[in-house]
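1. next input, structure requested:
(chains A and B)
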2 protein chains.
Amino acid sequence: MEQSVGLVTTKQLNINTELRLESGRLLGPLTIAYETYGTLNRDGSNVILATHAWTGDAHAAGYHTPEDRKPGWWDNMIGPGKVLDTDRYFVICSNTIGSCKGSTGPTSINPRSGKPYRLKFPVLMIRDMVRAQKLLLDHLGIGSLKAVIGGSMGAMQAVEWAIHYPDMVRSIVPIAGTGRTSPMAIALNALARQAIYNDPLWKKGNYPIEHPPGDGLALARAVGHISFLSDASMWLKFDRRFSVRDGMFDFFGQFEIERYLEYNGGTFVERFDTNSFLYLAKALDLYDIAWNFDSPSDALSHLHCPSLWFAFTSDWLYPPQQTEEVVNELQRQHKPVEYHCIPSDYGHDSFLVEPEKFIPLLQNFLDRIE
Amino acid sequence: MEQSVGLVTTKQLNINTELRLESGRLLGPLTIAYETYGTLNRDGSNVILATHAWTGDAHAAGYHTPEDRKPGWWDNMIGPGKVLDTDRYFVICSNTIGSCKGSTGPTSINPRSGKPYRLKFPVLMIRDMVRAQKLLLDHLGIGSLKAVIGGSMGAMQAVEWAIHYPDMVRSIVPIAGTGRTSPMAIALNALARQAIYNDPLWKKGNYPIEHPPGDGLALARAVGHISFLSDASMWLKFDRRFSVRDGMFDFFGQFEIERYLEYNGGTFVERFDTNSFLYLAKALDLYDIAWNFDSPSDALSHLHCPSLWFAFTSDWLYPPQQTEEVVNELQRQHKPVEYHCIPSDYGHDSFLVEPEKFIPLLQNFLDRIE
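-> Numbering: from 1, shown residues only, chains lettered A, B, ... in the order given. Predicted coordinates:
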């Protein structure tokens, strides 16, 4: 556990309020799951908020038990002496609402019925997730963020933070993000949705928790998995290798890439709720910085803080030109903006797989933020 | 019906033989469905073979009835005065074995049981399809092909023709093809397969023909459909438009791209057999010019005729670099080869959608073939 934050626990905050959502619906009371690493300094100026991706959670660093085989999802970034240095910064990560990892979501009890929300849960936007995070920070007495940093859905949250709480955010670092979800990304999510809807165990969301629509969710996850990889990374990792257990002319014979997708889809079912997966997919699809503004440039006119953007050459889910659209507009508005398109073969997943490629640039940026 | 070949019929040839497949299994007797356009000249030197893609058929040009709303699948290429000029050439298109459009496939009667083959049908390779086409041409008394031309799976057939029947083929034109199917393309086909396997109506291939696993096949088709399009073409056609019938915050509300995929998946079920879809997907996955050769360059050393290759910039299913791998090797071997990477936003489908972009180059090439 060298350079690790060590053992950590996920805390839960109950907030007895009703949040007005972008849809006009009210959601509450709210529970927010979160973890913190490092120590809040006296003037509260050392807070960094890490925002997670689609199937992430509040457990960004360290271990829950000494037996854990894996640390939190961004442990290579967060810890003593790491780029998000817990000897200097107080790092917070919270589970988004709509998820199933401790924050209010479709598996939570609907106070109006005393039963789980399931499909009675309101459709969310990324902006709603950020508003719920704001309530958490208010509760923790935090009034200023040195940086909001995240990849993929985490990048979307970072941008929304800067646009909607410009007085609170001193910088943002959106990684492998986009300013609005493309029809290609929506189409891929549509496949994932349909895979779940086609599973008879889904029962329009009314499956017993112990009998989820596993085949549908595993296939939905495989769709996502492919979109996180790249042509190049698949050649590197799998090439055209055929499973040694199968005959090449067996009807059910599999290439290694197929076995991999099947295996990962299967393990995902054990750790993620199907309805939550669908609600988060919907939030991703609806994401558009221009929502409720006149235009993207109107939305970005509210962003004032320095921003550092990373995109990855082989990312075909949120390809670099989508980040560049936003960056170009910020430059046009003379905002302090820094952008790097990082050569990587690991597709969208690069932000998790090859952080060493952008860590020095991030380090340099953070050192310059007051 | 200007410039049309007019009314045509699909013919079927029964061949009372057993074809030895790459798998070592025997398939026979064979039925091959085919259409011809134009007139065979006296010395039999004006034959062009058009080879179809995954879900194509023998009906490449003209109309089956005066009421037909659409002509054959490559009608913009084949006809009097068109690039595959039926005033000059005798154009043949045959349905591949393994398909369900008149040639022997999983829906055909297995002579050993008197019942449809279903999953007793042998796994095929593209090479097997080409060998069956060769039997058809033998039967028609055709000993020489001025050109073999096709897109996608049709491109694979063209290459196999040149490698395996070098004395018979005077040129090939592979469009939007590859020398070996990539793990990305295999992964996408794996999604399609799993979508079908997950459908309880599939019954391991033993569904009644009138009750196919429609939800599974429609989803499988949607996977393919996405891979045939591109990010750019989806922005052009759908952008982020939301269905006017749905509320944006309805859980089941859809973007236009989703409605489109759903609609097209649904209509596909009416026209294609599920097991055939799976067998053809398998043949695509297994495609590798180097199969049963020492290497790709060994395989290509057998190709002697002039070849003209087209790839499309936005094709991410069989991206240009995959064609370039083959073209570079042919150039290394000093073979007569011509290659064009065509700028197009229409992805893999460009070969069907924007033929005007490559027709002049094709015309010029064909005019130079003896």
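
2. quick one, helices of chain A?
-> A:126-139, A:153-164, A:183-197, A:214-228, A:231-237, A:256-271, A:274-286, A:296-300, A:320-332, A:350-353, A:359-368 (DSSP state H).

3. bridged to the nearest residue to residue A:71 once chain neighbours are set aside, which residues?
-> The shortest distance from residue A:71 to any residue other than its chain neighbours is 5.5 Å, reached at residue A:63 (CB to CB, 6 or more residues apart in numbering or on different chains). (Each C-beta comes from the backbone N, C-alpha and C, glycine too.) According to DSSP bridges, the partner residues bridging residue A:63 are residue A:7.

4. which pLDDT value goes with residue A:63?
-> On pLDDT, residue A:63 comes in at 98.

5. what sits closest to the closest residue to chain B within the stretch 1-150 of chain A if chain neighbours are left out?
-> Chain B sits closest to residue A:23 of the stretch 1-150 of chain A, with a gap of 3.8 Å, by CB to the nearest CB. Leaving aside its chain neighbours, residue A:23 sits nearest to residue B:249 (3.8 Å; criterion: CB to CB, 6+ apart).

6. same question for residue A:281.
-> residue A:189 (4.5 Å).

7. hang on, isn't that neighbour packed against residue A:279?
-> No: contact criterion CB atoms under 8 Å: residue A:189 and residue A:279 do not qualify, at 11.6 Å.

8. show me which residues of the stretch 201-350 of chain A are close to chain B?
-> Contact residues, the stretch 201-350 of chain A versus chain B (CB under 8 Å from any CB of the partner chain): A:215-216, A:219, A:222-223, A:226, A:229-231, A:234-235, A:237-240, A:248-251, A:253-258, A:261-262, A:278, A:282, A:285-286, A:288, A:316, A:319.

9. residues contacting the residue of the stretch 1-150 of chain A closest to chain B?
-> A:122, A:123, A:124, A:125, B:249 (CB atoms under 8 Å, 6 or more residues apart in numbering or on different chains).

10. is it possible to mark the buried ones in the residues you listed?
-> A:122, A:123, A:124, A:125, B:249 (16 or more other CB atoms under 10 Å in any protein chain shown).

11. so can I have a markdown table of these showing pLDDT?
-> Putting the buried ones among the contacts of residue A:23 into a markdown table (pLDDT from 0 to 100) gives the following:
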| residue | pLDDT |
| --- | --- |
| A:122 | 98 |
| A:123 | 98 |
| A:124 | 98 |
| A:125 | 98 |
| B:249 | 96 |
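
12. find the pair from those with maximum spatial separation.
-> Across the buried ones among the contacts of residue A:23, no pair lies farther apart than A:122 and A:125, at 10.1 Å, counting by CB to CB.

13. overlap in contacts of the two?
-> Residues touching both residue A:122 and residue A:125 (CB under 8 Å, 6+ apart) are A:21, A:23.

14. thinking again about what came up before, pretty sure the residue nearest to residue A:23 sits against residue A:122.
-> Yes: between residue B:249 and residue A:122 there is a contact under CB under 8 Å: 7.3 Å.

15. what sits in contact with each of those two?
-> Common neighbours of residue B:249 and residue A:122 (CB under 8 Å, 6+ apart) are A:23, A:25.

16. returning to that earlier point: which among the contacts of residue A:23 gets closest to residue A:345?
-> residue A:125 (32.6 Å).

17. residue A:323 and residue A:368, how far apart?
-> 21 Å (CB to CB, to the nearest Å).

18. what does residue A:102 give?
-> Taking CB to CB, one finds residue A:102 at 34 Å from residue A:368.

19. swap in residue A:282?
-> Residue A:282 is 37 Å from residue A:368, by CB to CB.

20. the more surrounded of these two?
-> A side-by-side neighbour count of residue A:282 and residue A:368, using other CB atoms under 10 Å in any protein chain shown, places residue A:282 first with 22 against 12.

21. if we can go back for a sec, now list the buried members of the residues of the stretch 201-350 of chain A next to chain B.
-> Using 16+ other CB under 10 Å as the burial test, those include A:215-216, A:219, A:222-223, A:226, A:229-231, A:234, A:238, A:240, A:248-249, A:251, A:253-258, A:261, A:278, A:282, A:285-286, A:288, A:316, A:319 as buried.

22. what sits closest to the residue most central in space within chain A if chain neighbours are left out?
-> Nearest residue to the geometric centre of chain A (CA atoms, centre = their mean): residue A:53, 1.2 Å. Among residues not flanking residue A:53 along the chain, residue A:152 sits closest, at 4.1 Å (CB to CB, 6+ apart).

23. what separates the one you found from residue A:137, distance-wise?
-> 22 Å.

24. please apply the same query to residue A:100.
-> Using CB to CB, residue A:100 is found at 22 Å from residue A:137.

25. same check on residue A:262?
-> With CB to CB as the criterion, residue A:262 and residue A:137 are 41 Å apart.

26. residue A:204 now?
-> To residue A:137, residue A:204 is 36 Å away according to CB to CB.

27. more crowded one of the two?
-> residue A:137 (20 against 10).

28. list the pairing partners of the lengthiest strand in chain A within its sheet, with orientation.
-> Scanning chain A for the longest strand, with DSSP state E as the assignment, gives strand A:30-37. Applying DSSP bridges, strand A:30-37 is found paired with strand A:11-15 (antiparallel), strand A:90-94 (antiparallel).

29. what does the last one contact?
-> Strand A:90-94 has contacts (CB under 8 Å, 6+ apart) with A:32-41, A:46-52, A:58-61, A:72, A:74, A:78, A:84, A:103, A:133, A:136-137, A:140, A:142.

30. show me which of those residues are buried.
-> Among the contacts of strand A:90-94, those scoring as buried are A:32-38, A:40, A:46-52, A:58-61, A:72, A:74, A:78, A:84, A:103, A:133, A:136-137, A:140, A:142 (criterion: 16+ other CB under 10 Å).

31. what about the closest residue to residue A:96 other than its chain neighbours, how many neighbours?
-> In space, and not counting its chain neighbours, residue A:96 is closest to residue A:129: 4.2 Å by CB to CB, 6+ apart. Residue A:129 is flanked by 25 other residues according to other CB under 10 Å.

32. OK, contacts around residue A:129?
-> A:96, A:97, A:98, A:157, A:283.
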